[in-house]
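A.B. asks: Can you look at this prediction? I've put the sequence above it.
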Amino acid sequence: MAVGTRMPAWVTEGFQEFARRMPRELPLELIEVRAEPRAEGKPLPALMAAEARRLRAALPARCRRIALDERGDEITTRTLAARIESWMTQGDDVAFLVGGADGLDPAFRDEAQERIRISGLTLPHALVRVILAEALYRATSLLRGHPYHRE
């Protein structure tokens, strides 16, 4: 799930390439919600809260929420693969939450069961979609013994 619509073509194509590669039993779907317009005088917390309401409304009924956050846990591909394997046994959907240009609303972020960081670098939120899709594909290929992942 991500804040922002109408991404550049390269973002959409990159995400779709890795989503297409995912195994049938682990489909990867992108749900986008509209970013709150940056109106003059509207405080940032109000903008982020509006985006959080949209994300909440679009979440599946039962899902594990994973917030992508620069202060989250840094994980390896092997760790992500192990978590995916664990989530599969639990049977719930998993929603990775990608904020807009200003990140996720702090209260919404804190509701997540987990917080992970993609990188110590500051990344454009659109690029995070592609990186996350590739990381998920890489982790699932590791679980399946596919040679895509090399250490």
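C.D. replies: Yep, it's here.

A.B. asks: Please name the bridge partners of residue 67.
C.D. replies: Beta-bridge partners of residue 67, counted by DSSP bridges, are residue 97, residue 115.

A.B. asks: Run a quick neighbour tally on residue 100.
C.D. replies: Using other CB atoms under 10 Å as the criterion, residue 100 is surrounded by 21 other residues. No exception for glycine: its C-beta is placed from N, CA and C like everyone else's.

A.B. asks: can I assume it is in contact with residue 32?
C.D. replies: No - at 10.5 Å, residue 100 and residue 32 do not qualify as touching, with contact defined as CB atoms under 8 Å.

A.B. asks: Give the intersection of the neighbour lists for those two.
C.D. replies: Common contacts of residue 100 and residue 32, defined by CB atoms under 8 Å, 6 or more residues apart in numbering, comprise 3, 4.

A.B. asks: Please determine how far the residue nearest the centre of the chain is located from residue 29.
C.D. replies: With distances taken as CA atoms, centre = their mean, the chain has residue 96 as the residue nearest its mean C-alpha position (3.3 Å). For residue 96, the distance to residue 29 equals 11 Å [CB to CB, to the nearest Å].

A.B. asks: since we're on the closest residue to the residue nearest to the centre of the chain other than its chain neighbours, how many residues are nearby?
C.D. replies: Closest residue to residue 96 in three dimensions, ignoring its sequence neighbours and counting by CB to CB, 6 or more residues apart in numbering: residue 66, at 4.9 Å. Residues near residue 66, counting by other CB under 10 Å, number 21.

A.B. asks: Surely residue 66 is in contact with residue 117?
C.D. replies: No - taking contacts as CB under 8 Å, residue 66 lies outside contact range of residue 117: 11.1 Å.

A.B. asks: so what's the residue of the chain positioned farthest from its centre scoring on pLDDT?
C.D. replies: Most distant from the centre of the chain: residue 41, at 29.5 Å, with distances by CA atoms, centre = their mean. The predicted local distance difference test score for residue 41 is 81.

A.B. asks: Next, it: secondary structure please.
C.D. replies: Here residue 41 takes the coil state, with states given by DSSP: H, G, I helix; E, B strand; the rest coil.
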